[in-house]
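**Q** Could you look at this predicted model? Sequence included:
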Amino acid sequence: VDAPLVPKQFHLGMFEIGRPLGKGKFGRVYLAKERSSNFICALKVLYKSELQHGGGVEKQVRREIEIQSNLRHPNILKLYGHFHDSKRIFLILEFAGKGELYKHLRRESRFPEWKAAQYIAQMASALQYLHRKHVIHRDIKPENILMGIHGEIKISDFGWSVHAPNNRRATLCGTLDYLPPEMIRSGSKDNWYNEKVDLWSLGVLTYEFLVGEAPFEDTPIMTQKRIARADMTIPEWVSKEAKDIIKRLLVLDPDKRLPLEEVLQHPWIIKHCVKGERAANREKALSK
Ligand SMILES: Cc1nn(C)cc1-c1nc2c(-c3cnn(Cc4ccccc4)c3)c(Cl)cnc2[nH]1
């Protein structure tokens, strides 16, 4: 239903601003309604002054806009458009009805295997779409995932994504937990722009969904050491299929990580995501 937000030129007067939805490192997000169509969206407001002192964050926002506006996938938050005034940049984003996934994860402390498997399948499908467009997200973590009204998840915040290959310098900040070994290790940064970095983060995400904390969570120094050695222990109560997929993603050598096609065919995913014949027939019978 993108029709309402078609005009190329947007301005603030077109929107009725609602409650604040959240705030990030740079900027805040508000619930908003486009007046002529009553279309509900999320308006992300970034102050140019903050971006200028953010050390190249302005380029990051430009990249976020350039990349996210060309993406269309049910598990990727849509960017419908953007505009700016003298002081601020505005991103018109899809409103995710159930908010930030990490808040659900903290509230439930960890997800049951069937729910974690469905989220990981949706992430793998979104990452497959991104990688086919040579986009690497590079910042997959619960804080960057939102949830739609039907419980489907949506990757957001493309501030760290890049078009591969790319020779932009990236200064990392925030949690180290999700960084793959090749981004932790000093030396050649070529691997920073290989989409296999997202496979590692998908493994960390799977672990955190099931266990409720990240696999290498520790002091910053120890986290780096443990990541560099893929030093993690998976609790014995995690199913053997789930253990298997985590171990096949958290592999030091990027080329040996389970490709997304094989993630989507993994027994753990099939077991929880492919509706059995009976369930499908039951659903069909009920829908008549
Ligand atoms: C919160 C919340 N509760 N419910 C019921 C729905 C939401 C909701 N939040 C969003 C949000 C949303 C809000 N904050 N953030 C984090 C943020 C903010 C500023 C810069 C970078 C990152 C995202 C969005 Cl974009 C898009 N849709 C959203 N929906």
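**A** Sure, I can see it. Numbering: from 1, shown residues only.

**Q** Provide a list of residue ranges in the chain with pLDDT below threshold.
**A** 1-4, 6-7, 54, 159-160, 162, 164-174, 187-188, 276-281, 283 (pLDDT under 70).

**Q** Show me which positions of stretch 22-39 end up buried.
**A** Residues Phe26, Gly27, Val29, Tyr30, Ala32, Lys33, Glu34, Phe39 are the ones in stretch 22-39 that count as buried (16 or more other C-beta atoms under 10 Å). Yep, even glycine has a C-beta here, placed from its N, CA and C like the rest.

**Q** Go through the residues you listed and name the one nearest the ligand.
**A** Nearest to the ligand out of those is Val29 (C-beta to the nearest ligand atom; 3.8 Å).

**Q** quick one, what contacts that closest one?
**A** Pro20, Leu21, Gly22, Lys23, Ala42, Leu43, Lys44, Val45, Leu93 (C-beta atoms under 8 Å, 6 or more residues apart in numbering).

**Q** most surrounded residue in the residues you listed?
**A** Lys44 (26 neighbours; other C-beta atoms under 10 Å).

**Q** In this structure it contacts Phe95, no?
**A** No: using C-beta atoms under 8 Å, Lys44 is not in contact with Phe95, being 11.1 Å away.

**Q** helix or strand for Leu91, which one?
**A** Per DSSP states H and E, Leu91 falls inside strand 88-93.

**Q** Distance from that strand to the middle of the chain?
**A** Computed by C-alpha atoms, centre = their mean, to the nearest Å, the separation of strand 88-93 from the middle of its chain amounts to 19 Å.

**Q** residues making contact with the helix or strand following it?
**A** Using DSSP H and E, the helix or strand that follows strand 88-93 in sequence is helix 101-108. The contact list for helix 101-108, computed with C-beta under 8 Å, 6+ apart, reads 98, 111, 119, 141-143, 145-147, 153, 208-209, 212.

**Q** Which one of the residues you listed is nearest to Lys240?
**A** Checking the contacts of helix 101-108 against Lys240 with C-beta to C-beta, the nearest one is Phe209 at 16.9 Å.

**Q** residues contacting the closest one?
**A** Leu105, Arg110, Phe111, Lys115, Ala116, Tyr119, Ile120, Pro142 are the contacts of Phe209 under C-beta under 8 Å, 6+ apart.

**Q** just to revisit the earlier point, mind checking which of the buried residues of stretch 22-39 are in helices?
**A** Counting by DSSP state H, no part of those is found in helices.

**Q** that older thread, what is the strand holding Leu91 packed up against?
**A** Strand 88-93 sits against strand 39-47, helix 48-52, helix 57-68, strand 79-84, with contacts defined as 3 or more C-beta pairs under 8 Å, 6 or more residues apart in numbering; DSSP states H and E.

**Q** Where do the helices of the chain begin and end?
**A** Using DSSP H, the helices of the chain run over 48-52, 57-68, 101-108, 113-132, 181-184, 196-211, 220-228, 240-249, 260-264, 267-273, 277-287.

**Q** quick one, which of those helices is nearest to the ligand?
**A** Among those, the nearest to the ligand by C-beta to the nearest ligand atom is helix 101-108 (7.5 Å).

**Q** how about that closest one: buried residues?
**A** In helix 101-108, counting by 16+ other C-beta under 10 Å, buried: Leu101, His104, Leu105.

**Q** does any part of that helix sit near the ligand?
**A** No: using C-beta under 6 Å from any ligand atom, we find that helix 101-108 stays clear of the ligand, coming within 7.5 Å at best.

**Q** gap between that helix and the chain center?
**A** In terms of C-alpha atoms, centre = their mean, the centre of helix 101-108 is found 15 Å from the chain centre.

**Q** if we can go back for a sec, tell me if the strand holding Leu91 is near the ligand.
**A** Yes: under the criterion of C-beta under 6 Å from any ligand atom, strand 88-93 makes contact with the ligand via Leu93.

**Q** re the thing from before, most tightly surrounded among the helices and strands packed on strand 88-93?
**A** Most buried of these by mean neighbour count (mean count of other C-beta atoms under 10 Å) is strand 39-47; its value is a mean of 20.
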